[in-house]
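Asks: Following is a predicted model, sequence given first.
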Amino acid sequence: MGFRCVFEKTLIDLTAWKSALLIVPLVTIFMVGGVSMACSEGQSSLQMRTYFTTSQLLLVAYFALSGFLTSMLISCSAAGFVAKEENDGTLLILTSKPIRRRDVLFGKLAALLARTALLEAILLILLAVGTCLVLDLDETAMVSFLRAVLWLLCYSFLTMCLFATVTTALSTLTRNLVAIMAVMSIMVMACFIVGPLIRSVMPTDGGFYMRYDLYYVDPSYHLQNAFVPFWAQASGGEIIPQFSGWFGFRYIVTQPDGLYLDPVRTCGYFHPLASFAVLLSISALALLVACVAFERKDVH
């Protein structure tokens with residue numbers, strides 16, 4: 001009962017229709033424009049054109065929507081779950097009710113994930129339809145785009161969980177909203193902008209990144225490596241060479257006689273399932289920290 005009450009209350013509070021009316025058209029126009037400009041050149045066949053366009057759609061949607069925008073929206077919302085309530089003095093009222101504290105956190109997180117998933121689904125469907133109309137593609141391309149949307153949305157749930165739990169943990173540990181957003185902004189930038197740029201300009205031998213095995217502790221790498229199997233399912237094939245550089249997966253398979261360069265098959269230093277497990281483990285640990293810290297928090 002407590003979980004449901006918190007879920008419903010948080011979902012209502014997070015549903016800002018005025019903001020959505022502004023975000024949805026602007027983001028859709030931006031992403032459709034990005035895909036259409038990159039796909040202005042015709043490919044040798046309709047099948048190749050559909051595959052290339054689907055890959056471009058995945059690239060734009062991954063970095064712009066599932067990556068940067070979704071992570072920032074999640075972080076901004078989750079930052080105030082505990083910290084803002086504490087600053088406003090409403091946390092005492094909330095914790096004084098016959099609701100277990102962990103149900104408060106779970107209810108808020110579930111509402112945030114549901115709201116964000118719905119918003120992203122709407123944006124991805126509009127992106128698919130808009131791209132198909134602008135590029136004048138047939139129903140085969142539309143089916144391909146919608147399949148890509150489904151798999152990208154499934155992957156995005158991992159990104160949502162990661163940033164939601166980490167931000168919630170910070171919200172239980174400090175009431176300084178500025179510090180929380182500063183940390184999360186740096187994390188988002190590192191994962192979806194700085195990390196890919198650094199890996200894309202590495203020397204042929206992988207440089208310090210390979211020498212010191214930095215991919216073990218690189219969340220940006222794990223986020224993109226975990227996306228590889230979803231990309232394969234969404235596009236109907238592997239990441240094509242001109243897109244693999246964006247993910248920094250040019251140097252991927254270590255052979256006994258040295259480093260093997262394969263820009264087409266993008267498996268990464270880790271197996272994608274291992275990266276998936278790493279990200280889930282981080283999310284679970286952050287959620288545990290949030291629950292323990294909230295249970296022990298003195299509310300005045």
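Replies: In hand now; what should we look at?

Asks: What residues of stretch 90-99 count as buried?
Replies: Leu91, Leu94, Thr95, Ile99 (16 or more other C-beta atoms under 10 Å). C-betas here are computed from N, CA, C, even on glycine.

Asks: Now the first one. Nearest residue, chain neighbours left out?
Replies: Which is Leu91. Glu85 (4.0 Å; C-beta to C-beta, 6 or more residues apart in numbering).

Asks: Same question for the last one.
Replies: Taking C-beta to C-beta, 6+ apart as the measure, Ile99 lies nearest to Gly2, with 3.4 Å between them; neighbours along the chain are not counted.

Asks: How about the third one?
Replies: Across the structure, with C-beta to C-beta, 6+ apart as the measure, the residue nearest Thr95 apart from its sequence neighbours is Val299 (5.1 Å).

Asks: coming back round to it: I'd assumed Val104 was in contact with the residue nearest to Ile99.
Replies: Yes: under the criterion of C-beta atoms under 8 Å, Gly2 makes contact with Val104 at 7.4 Å.

Asks: ok, the two, which is more surrounded?
Replies: A direct count of neighbours by other C-beta atoms under 10 Å for Gly2 and Val104 places Val104 higher, at 24 against 16.

Asks: Am I right that the more buried one is in a strand?
Replies: No: read with DSSP: H, G, I helix; E, B strand; the rest coil, Val104 is helix and lies in no strand.

Asks: Skipping its backbone neighbours, what lies nearest it in space?
Replies: Val6 (5.3 Å).

Asks: Asp138 now?
Replies: Per C-beta to C-beta, 6+ apart, closest to Asp138 is Leu46, 7.6 Å.

Asks: Quick check: Cys291 vs Ala128, distance?
Replies: Remark: distance between Cys291 and Ala128 (C-beta to C-beta, to the nearest Å) = 38 Å.

Asks: ditto for Val178
Replies: 38 Å.

Asks: more neighbours, those two?
Replies: Ranked by neighbour count (other C-beta under 10 Å), Val178 and Ala128 place Ala128 first, with 25 against 9.

Asks: Run a quick neighbour tally on Ser283.
Replies: Residues near Ser283, counting by other C-beta under 10 Å: 20.

Asks: OK, contacts around the residue nearest to Ile99?
Replies: Going by C-beta atoms under 8 Å, 6 or more residues apart in numbering, Gly2 touches Lys97, Pro98, Ile99, Arg100, Asp103, Val104, Gly107.

Asks: quick one: the helices in the stretch 201-300 of the chain?
Replies: 207-211, 219-235, 241-247, 272-296 (DSSP state H, counting those that start in this stretch).

Asks: name the helices or strands packed onto the last one?
Replies: Packing partners of helix 272-296 (3 or more C-beta pairs under 8 Å, 6 or more residues apart in numbering; DSSP states H and E): helix 101-134, helix 139-173, helix 219-235.

Asks: give me every residue that touches Leu162.
Replies: Pro219, Leu223, Leu279, Ile282, Ser283, Ala286.

Asks: Could you rerun that using 7 Å?
Replies: Residues in contact with Leu162 (C-beta atoms under 7 Å, 6 or more residues apart in numbering) are Leu279, Ile282, Ser283.

Asks: what's the closest of the residues you listed to Leu119?
Replies: Ser283 (20.1 Å; C-beta to C-beta).

Asks: So the closest one is in contact with Thr165, correct?
Replies: Yes: in this structure Ser283 lies within contact range of Thr165 using C-beta atoms under 7 Å: 4.6 Å.

Asks: how close does the closest residue in space to Cys191 that isn't next to it in sequence sit to Leu279?
Replies: Nearest residue to Cys191 in three dimensions, chain neighbours excluded: Ser220, at 4.3 Å (C-beta to C-beta, 6+ apart). Using C-beta to C-beta, Ser220 is found at 11 Å from Leu279.
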